[in-house]
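Visitor: Below are the sequence and a predicted model; questions follow.
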Amino acid sequence: MLSHNAIKTLATEAGFDLCGIARATRFEQNELAYNRWLDNGYDSSLEYMRRNCDKRFDVSQLVEKAKSVIICAVSYKSDISGGYSSDDRCKIASYACARDYHKSIKKMLLSMLKQLQAAYPSLQGRAFVDSAPLFEKQYAVEAGLGWIGRQSLLLTPEYGSYVLLGELVLNQEVDKYDTPLQTTGCGECRRCIDRCPTGAIVEPMTINTARCISCRTIESDNNAAIDLHGWIFGCDECQNACPYNKKAKPHNSASFDPLFDPRTISPEEWVAMSEEDFSTRFGSTPLKRSGLERIKKNI
């Protein structure tokens with residue numbers, strides 16, 4: 001049986017700010033809500049959201065005989081988070097101003113897994129960072145990291161919603177599992193809903209992706225005619241409105257230091273930028289996903 005304390009120690013050593021451990025389970029209520037979301041067509045052009053639903057609801061299809069899910073979180077809050085003015089016209093979600101978190105977090109998780117397997121040779125598991133249909137936010141709730149806010153993001157007491165998640169799904173049990181936080185969560189606050197400039201949060205914890213600026217600037221384009229309000233990659237509007245984020249601790253890992261400041265790059269500079277320059281300056285960041293031409297189109 002795996003040691004709860006050893007796992008927490010490894011997570012800290014790997015550079016994670018938070019770590020929780022939950023039993024592998026099936027979230028039936030989430031499954032019902034997810035299917036209602038699809039029935040309403042809120043996935044819009046995100047066709048992949050309809051694929052592999054059986055795996056989405058059953059982690060044992062991702063890791064055979066899955067018993068435990070380790071949820072790790074790292075803060076990315078910087079002075080860019082919440083730092084734009086109303087006049088900025090080339091705004092980029094603050095997480096995307098650092099190195100691609102998929103690679104950074106995957107490396108941290110694999111380091112943990114390697115050390116766990118050295119201590120427990122029969123252990124089998126996989127690391128995930130947005131790479132599988134996994135209910136990571138609900139697992140984070142079960143593991144006591146926080147709660148799901150009205151904007152559908154995980155909210156944590158210390159770091160707000162400025163956190164990125166990664167998971168280890170393992171085929172062995174742990175000697176102790178964490179429990180959900182006892183908290184009032186968002187209370188009566190609905191600032192994130194009111195702040196969304198396009199009305200994409202149609203009800204608490206329900207996003208219409210056809211109206212979501214983040215989806216429209218990054219994901220498959222359905223040509224939805226919405227004002228991007230100066231955002232050219234992602235959107236932090238709902239996060240900027242959250243009281244928890246205003247008092248959240250800044251990130252403390254150099255791996256998540258911003259590599260550039262969008263506030264210093266004008267629309268004209270973006271439009272005149274060559275593919276070679278874009279690759280040199282932003283090739284290691286999430287901006288590579290959309291590419292320069294998509295960014296120019298957004299501008």
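Guide: The structure has been received and is ready for your questions.

Visitor: Need the three-state assignment for K106.
Guide: helix (DSSP: H, G, I helix; E, B strand; the rest coil).

Visitor: Apart from its chain neighbours, what residue comes closest to it?
Guide: V129 (5.0 Å; CB to CB, 6 or more residues apart in numbering). (Glycine included, C-beta is placed from N, CA and C.)

Visitor: burial of I193, as a residue count?
Guide: I193: 18 surrounding residues under other CB atoms under 10 Å.

Visitor: do P197 as well
Guide: The number of residues near P197, taken as other CB under 10 Å, comes to 16.

Visitor: any idea of the pLDDT on it?
Guide: Note for P197: predicted pLDDT of 95.

Visitor: wait, it sits on D236?
Guide: No - P197 is beyond contact range of D236, at 11.6 Å (criterion: CB atoms under 8 Å).

Visitor: Need the nearest residue in space to R191, chain neighbours excluded.
Guide: A241 (4.2 Å).

Visitor: what sits against that neighbour?
Guide: Shown in contact with A241 (CB atoms under 8 Å, 6 or more residues apart in numbering): R191, C192, D194, R195.

Visitor: Past the helix or strand the second one falls within, which element shows up next along the chain?
Guide: C192 belongs to helix 191-195 when elements are defined using DSSP states H and E. Heading C-terminal from helix 191-195, the first helix or strand you meet, by DSSP H and E, is strand 201-203.

Visitor: And for the helix or strand that that following strand is followed by, what's in contact with it?
Guide: Once the chain leaves strand 201-203, the next helix or strand it forms, by DSSP H and E, is strand 206-207. Under the criterion CB under 8 Å, 6+ apart, residues W37, Y42, Q151, S152, A200, I201 lie in contact with strand 206-207.

Visitor: In contact with the residue nearest to K106, which residues?
Guide: Y101, H102, I105, K106, L109, L165, G166, E167.

Visitor: Might you report the residue contacts of the nearest residue to E173 once chain neighbours are set aside?
Guide: Once flanking residues are discounted, E173 sits nearest to K67: 4.7 Å by CB to CB, 6+ apart. Applying CB under 8 Å, 6+ apart, we find K67 in contact with R23, A24, L170, N171, Q172, E173.

Visitor: Look up the pLDDT of K67 for me, please.
Guide: K67 is given a pLDDT of 97.

Visitor: for the stretch 51-200 of the chain, what spans make up the strands?
Guide: Here the stretch 51-200 of the chain has its strands, by DSSP state E, counting those that start in this stretch, at 68-75, 91-92, 125-128, 147-148, 154-155, 163-170.

Visitor: number of nearby residues for V69?
Guide: 29.

Visitor: Oops, could you answer that again for W37 instead?
Guide: W37 has 18 neighbours, counted by other CB under 10 Å.

Visitor: for G199, same thing?
Guide: When neighbours are defined as other CB under 10 Å, G199 has 12 of them.

Visitor: in stretch 202-210, what counts as buried?
Guide: For stretch 202-210, the buried set under the neighbour-count rule, 16 or more other CB atoms under 10 Å, comprises T206, I207, N208, T209, A210.

Visitor: Give me the below-cutoff pLDDT ranges for this protein.
Guide: Applying pLDDT under 70 to the chain picks out residues 220-224.

Visitor: what about stretch 232-249, start to end distance?
Guide: 26 Å (CA to CA, to the nearest Å).

Visitor: go on, stretch 46-64?
Guide: Taking CA to CA as the criterion, the two ends of stretch 46-64 lie 28 Å apart.

Visitor: Check stretch 62-78 too.
Guide: 34 Å.

Visitor: Of the contacts of A241, which is the most crowded?
Guide: Neighbour counts for those (other CB under 10 Å) peak at C192, which has 25 neighbours.

Visitor: Report the contact partners of that one.
Guide: G149, R150, Q151, I201, C238, Q239, A241, C242.

Visitor: Can you flag which of those residues belong to helices?
Guide: Among the contacts of C192, the ones falling in helices (DSSP state H) are C238, Q239.

Visitor: Show me what counts as buried in stretch 164-171.
Guide: Burial within stretch 164-171, assessed by neighbour count using 16+ other CB under 10 Å, is assigned to L164, L165, G166, E167, L168, V169, L170, N171.

Visitor: Next one: the fifth one relative to C186, how far apart?
Guide: Meaning L168. Per CB to CB, to the nearest Å, L168 is found 28 Å from C186.
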